[in-house]
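K.L.:
got a sequence here, can you build the structure:
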Amino acid sequence: MFSAGQDEFRSAWFVESLMTQLATMLVIRTPGPIWRSRPSPLLFGTAIAVGAAGVTIPYTAVGGLFGFVPIPLEILAALLGITLIYVTALEIVKIFYFTTLSKEDHSWPQASRRRPRTRTSRRSK
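P.N.:
Model prediction:
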């Protein structure tokens, strides 16, 4: 389909596996739909930074140390499509699990208004 060589395949595999791992982290962090619960700015920013670094590595000298080569634009576009399909499938399975298969209550626990009990020491007479 793309007539990619071994080095291009290795580079694309690295980028795709990193993208799907980051996407998985963002999707499974909450039992609800991903679009209803935004990640913290720190988590989202870190994921974007790691993803950008991962896509950039094959184009740098550091990538050459690992045998990576620049990935053609059409392969990068295909990787983006694969990642989007993966995220969609993961979200569907997650929603199915939490609405059908899971019997536990996955809502956030409510803060208790009771004061915690303290142990009182009893002295022997």
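K.L.:
switch to C-alpha atoms for all contacts and neighbour counts from now on
P.N.:
OK.
K.L.:
please report the distance of the most centrally placed residue in the chain from residue 46.
P.N.:
The residue lying closest to the centre of the chain (CA atoms, centre = their mean) is residue 25, at 2.3 Å. Plainly put, residue 25 is 12 Å away from residue 46 if you go by CA to CA, to the nearest Å.
K.L.:
related to what we said a few turns ago, name the helix or strand for the residue nearest to the centre of the chain, please.
P.N.:
helix 6-28 (DSSP states H and E).
K.L.:
could you list the low-pLDDT ranges of the protein?
P.N.:
1-2, 102-125 (pLDDT under 70).
K.L.:
now the helices for it?
P.N.:
With DSSP state H, the ranges of helices along the chain come out as 6-28, 41-56, 61-65, 73-96.
K.L.:
winner for burial among the ones you listed?
P.N.:
helix 6-28 (a mean of 18; mean count of other CA atoms under 10 Å).
K.L.:
contacts for stretch 14-31?
P.N.:
By CA atoms under 8 Å, 6 or more residues apart in numbering, the residues outside stretch 14-31 that reach it are 34, 37, 39, 44, 47, 51, 54-55, 79, 83, 86-87, 90-91, 94-95, 98, 106.
K.L.:
next up, the contacts around residue 88.
P.N.:
For residue 88, the contact set (CA under 8 Å, 6+ apart) is empty.
K.L.:
cool, residue 85 as well?
P.N.:
Contacts for residue 85 were tallied using CA under 8 Å, 6+ apart; there are none.
K.L.:
measure it to residue 10 for me?
P.N.:
Residue 85 sits at a distance of 21 Å from residue 10 (criterion: CA to CA).
K.L.:
try residue 22
P.N.:
18 Å.
K.L.:
and what of residue 35?
P.N.:
In terms of CA to CA, residue 35 sits 32 Å off from residue 10.
K.L.:
next: residue 21.
P.N.:
Here residue 21 is placed at a distance of 16 Å from residue 10 (CA to CA).
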